[in-house]
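1. this one's sequence-less:
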């Protein structure tokens, strides 16, 4: 047996260690997975944890001996979440100027976003999510300004300048958006 093979925990020990995870460890893994999944559509903390376990059991991710199982699973979930985010970032962005709209119409930019989906179910889900987001931020002009600016691909500096925000107000607004979206995600 090579040194590398000895450094990797074999499958039977992986299964045993997974069965020995206690409720607190599982709760911790789910919660940290949920945090890692924020902003990734159609993926939640349980999905990340289950995917990490599947990859470990299939041998796609090998557990190094000497690394605690919880740490290994957390790092695997981080990697999976990063892969999801990278794929989302690789998607083509549609500029607001590419959308054929009369410039003098006073319409919500989010409603004008191009819908490239031909799947009615996806469109329905997206409309429901958008409705929840609009409802969550209906009385928060700063949050709507930041979201609208981000939807248009503007930089934080541009958003702050256009909305007379200083850096502190912008950062506070971003935290408020994250918290509110996180609460929506948990409903």
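-> Good, I have the coordinates. Just so it is clear, the structure is predicted and the values come from calculations on it, not from any experiment. Numbers count the residues shown, from 1 in each chain.
2. Quick one: the helices in this protein, in order.
-> 3-7, 11-19, 23-37, 45-58, 69-89, 109-112, 120-136, 141-151, 156-162, 167-186 (DSSP state H).
3. Save those as a markdown table, and put in mean neighbour count and mean pLDDT too.
-> Heads up, the C-betas are built off the backbone N, CA and C, glycines and all. Written out in a markdown table, the entries for the helices of the chain read as follows (neighbours: other CB atoms under 10 Å; pLDDT from 0 to 100):
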| stretch | mean neighbour count | mean pLDDT |
| --- | --- | --- |
| helix 3-7 | 9 | 59 |
| helix 11-19 | 13 | 93 |
| helix 23-37 | 16 | 87 |
| helix 45-58 | 18 | 91 |
| helix 69-89 | 16 | 86 |
| helix 109-112 | 13 | 47 |
| helix 120-136 | 12 | 68 |
| helix 141-151 | 18 | 85 |
| helix 156-162 | 15 | 91 |
| helix 167-186 | 14 | 82 |
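4. Residue 149 contacts residue 157, doesn't it?
-> No. With contact defined as CB atoms under 8 Å, residue 149 and residue 157 do not form a contacting pair (10.2 Å).
5. Could you measure from the closest residue to residue 21 other than its chain neighbours over to residue 60?
-> Distances taken as CB to CB, 6 or more residues apart in numbering place residue 69 nearest to residue 21, at 7.1 Å, with adjacent residues excluded. Spatial separation of residue 69 from residue 60 under the definition CB to CB, to the nearest Å is 16 Å.
6. Ok, residue 163 next?
-> For residue 163, the distance to residue 60 under the criterion CB to CB works out to 45 Å.
7. Can you pick out the residue with more neighbours from those two?
-> residue 163 (17 against 10; other CB atoms under 10 Å).
8. Apart from its neighbours in sequence, what residue is nearest that one?
-> Take residue 163 and drop its neighbours on the chain: the residue closest to it by CB to CB, 6+ apart is residue 145, 4.4 Å away.
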